[in-house]
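Asker: the following comprises the amino acid sequence and a computationally predicted model.
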Amino acid sequence: MSTAAAEHTLGRAEADGIAARARALTKAYGSGETTVLALDSVDVDIARGRFTAVMGPSGSGKSTLMHCLAGLDTVSAGQVWLGDTEITGLKERDLTRLRRDRIGFMFQSFNLIPTLNAAENITLPMDIAGKKPDEKWLNQVIDTLGLRDRLKHRPSQLSGGQQQRVACARALVSRPELIFADEPTGNLDSRAGLEVLGFLREAVDQLGQTVVMVTHDPGAAAHSDLVLFLADGRIVDRMERPSADAVLERMRLFSGGNPQPPGSVRSAGPTDLDKG
Ligand SMILES: Nc1ncnc2c1ncn2[C@@H]1O[C@H](COP(=O)(O)OP(=O)(O)OP(=O)(O)O)[C@@H](O)[C@H]1O
């Protein structure tokens, strides 16, 4: 795309309320006969202020898509924008800053610092960036997530659900343009998982955040506004206002396997995303 054309697209992206956009996004691992095409010319728009779930069979490219959209991984071809910034081609140092300042991350394994209490974990990314959190927003996030009476606790003194709520608050605290959540309920029992999904929903509905969540669980995907289905590195379908049963039914078409039944929020497998 020419620079002028790219700018035109970007102007529209902003006007359309697109938080992230990929065009002809292709990612290949390896070379020669062992090449794996993890993403095969994917076009996707992530709408601002919405909760998008990404589903698909194991190996379909979900984590790779998230890595490439979040600037955690380089692309083989194609373009990715975060808001009006084209991130493909940015230098690692600029990518690091962009991730720190504009993206929030939640992982299956929480990734909290064990020696810091909840309050310190929540503000850590901003402390590292040398920025002061907006106190009003911080308080709103803490209250929305019900963490007020847990702020002095270390992660080991918190339940799994509470730890993930701290991770959610940490992702929200800088009011990022986009939150990526990779199997955020994967290590939680169903009650705690439902709670975290409810908070992500509230982050979108009440705090105006944008969330993209990778999940294997149709019950978790049912909390989103839109499900994107990946198969063999391509987006093969999408579903607005999903129900768990409808997602499960759709997954059966693509996986040929046994996706988790709705309501089971425990992950089927490990994730390789824990490198943010
Ligand atoms: N670092 C890597 N080196 C080589 N191949 C890779 C690498 N990362 C991913 N792949 C391959 O790319 C394809 C897509 O992987 P990806 O992890 O994105 O799938 P996924 O849908 O997230 O899978 P899962 O649900 O099992 O986490 C798979 O075939 C995988 O084996």
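Answerer: Okay, I see it.

Asker: just to check, Ala169 is in contact with Asn139?
Answerer: No: counting by C-beta atoms under 8 Å, Asn139 is not a contact partner of Ala169; they are 10.8 Å apart. C-betas here are computed from N, CA, C, even on glycine.

Asker: neighbour-wise, which of the two wins?
Answerer: Taking other C-beta atoms under 10 Å, Ala169 and Asn139 do not tie; Ala169 has more neighbours (24 against 12).

Asker: kindly list the main-chain dihedrals of the more buried one?
Answerer: Dihedral pair for Ala169: phi -60, psi -40, per degrees, to the nearest 10.

Asker: what pLDDT does it get?
Answerer: pLDDT for Ala169: 93.

Asker: same deal with Val36?
Answerer: Val36 is assigned 93 on the pLDDT scale.

Asker: any idea how far Leu69 is from it?
Answerer: In this view, Val36 and Leu69 are 19 Å apart by C-beta to C-beta, to the nearest Å.

Asker: again with Ile122
Answerer: Distance from Ile122 to Leu69, by C-beta to C-beta: 24 Å.

Asker: with Val196 instead?
Answerer: 21 Å.

Asker: look up the residues forming beta bridges with Glu86.
Answerer: Taking DSSP bridges, one finds Trp81 as the beta-bridge partners of Glu86.

Asker: tell me how many other residues surround it.
Answerer: 18.

Asker: pLDDT at it, what is it?
Answerer: pLDDT, Glu86: 96.

Asker: surely it is in contact with Val75?
Answerer: No: assessed by C-beta under 8 Å, Glu86 is found out of contact with Val75, at 11.1 Å.

Asker: does Gln162 count as helix, strand or coil?
Answerer: Classification of Gln162 using DSSP: H, G, I helix; E, B strand; the rest coil returns helix.

Asker: for it, give me its contacts.
Answerer: Gln162 sits next to Ala118, Leu147, Arg150, His153 when contact means C-beta atoms under 8 Å, 6 or more residues apart in numbering.

Asker: ok, now how distant is Trp23 from Asp43?
Answerer: That one is not Trp; residue 23 is Arg. 6 Å.

Asker: between the two, which one's more packed in?
Answerer: Arg23 (17 against 12).

Asker: that one in helix, strand or coil?
Answerer: Assigned by three-state DSSP, the conformation of Arg23 is strand.

Asker: what of the one 4 residues further on?
Answerer: Here Lys27 is recorded as strand under three-state DSSP.

Asker: from the ligand, how far out is it?
Answerer: Note on Lys27: its distance to the ligand, by C-beta to the nearest ligand atom, to the nearest Å, is 8 Å.

Asker: what helix or strand is the residue nearest to that residue when sequence neighbours are not counted on?
Answerer: The shortest distance from Lys27 to any non-neighbouring residue, by C-beta to C-beta, 6 or more residues apart in numbering, is to Leu39 (4.2 Å). Using DSSP states H and E, Leu39 sits within strand 36-47.

Asker: and stretch 23-32, which residues are buried?
Answerer: For stretch 23-32, a neighbour-count test (16 or more other C-beta atoms under 10 Å) marks Arg23, Leu25, Thr26, Lys27 as buried.
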